[in-house]
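1. The following comprises the amino acid sequence and a computationally predicted model.
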Amino acid sequence: MSRTLTLRLSDEAYEAVKRYAEADHTSMNAWVESVLDSEDMRRRCAAHAAWVTANPAVIQAALAFGEENQQSMAAAGLPNIARTSE
């Protein structure tokens, strides 16, 4: 569901957004939306990194799954990045 958000910017901030949007050949609204999306992704990634760091068993399980998956792909003759020296 889309929500409408109204931002009030100082004249200086407005001009900066306008400059950046023009440099990216996009509308000011699209530029602000992309900045907000980037910030949202940065925060989600930081939260995920903190969770993974706090749960080392998850790291080991993910690495084991990935290695097994790559080995299965190698055995099936599919493109993969499996280590062949092991």
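-> Received the coordinates, thanks.
2. mind checking which helix or strand the residue most central in space within the chain is in?
-> Centrality entry for the chain: nearest residue to the mean C-alpha point is residue 41, 5.1 Å, by Cα atoms, centre = their mean. Assigned by DSSP states H and E, residue 41 belongs to helix 28-54.
3. quick revisit: check the gap between the residue nearest to the centre of the chain and residue 26 for me.
-> Distance of residue 41 to residue 26, given as Cβ to Cβ, to the nearest Å: 18 Å. All C-beta spots, glycine's among them, are computed from the backbone N, C-alpha and C.
4. now swap in residue 35 and tell me
-> Residue 35 is 11 Å from residue 26, where distance means Cβ to Cβ.
5. name the helices or strands packed onto the helix or strand bottoming out on mean pLDDT in the chain?
-> In the chain, no helix or strand scores lower on mean pLDDT, DSSP states H and E than helix 56-75, which sits at a mean of 93. If you count contacts as 3 or more Cβ pairs under 8 Å, 6 or more residues apart in numbering; DSSP states H and E, helix 56-75 packs onto helix 28-54.
6. who does the helix it packs on touch, helix- and strand-wise?
-> Packing partners of helix 28-54 (3+ Cβ pairs under 8 Å, 6+ apart): helix 11-23, helix 56-75.
7. Which residues in that helix does the neighbour count mark as buried?
-> Residues of helix 28-54 classed as buried: 31-32 (neighbour count, 16 or more other Cβ atoms under 10 Å).
8. On the three-state scheme, the closest residue to residue 71 other than its chain neighbours is what?
-> With Cβ to Cβ, 6 or more residues apart in numbering as the criterion, residue 71 has its nearest non-adjacent residue at 5.2 Å, and that residue is residue 82. Following DSSP: H, G, I helix; E, B strand; the rest coil, residue 82 is assigned to coil.
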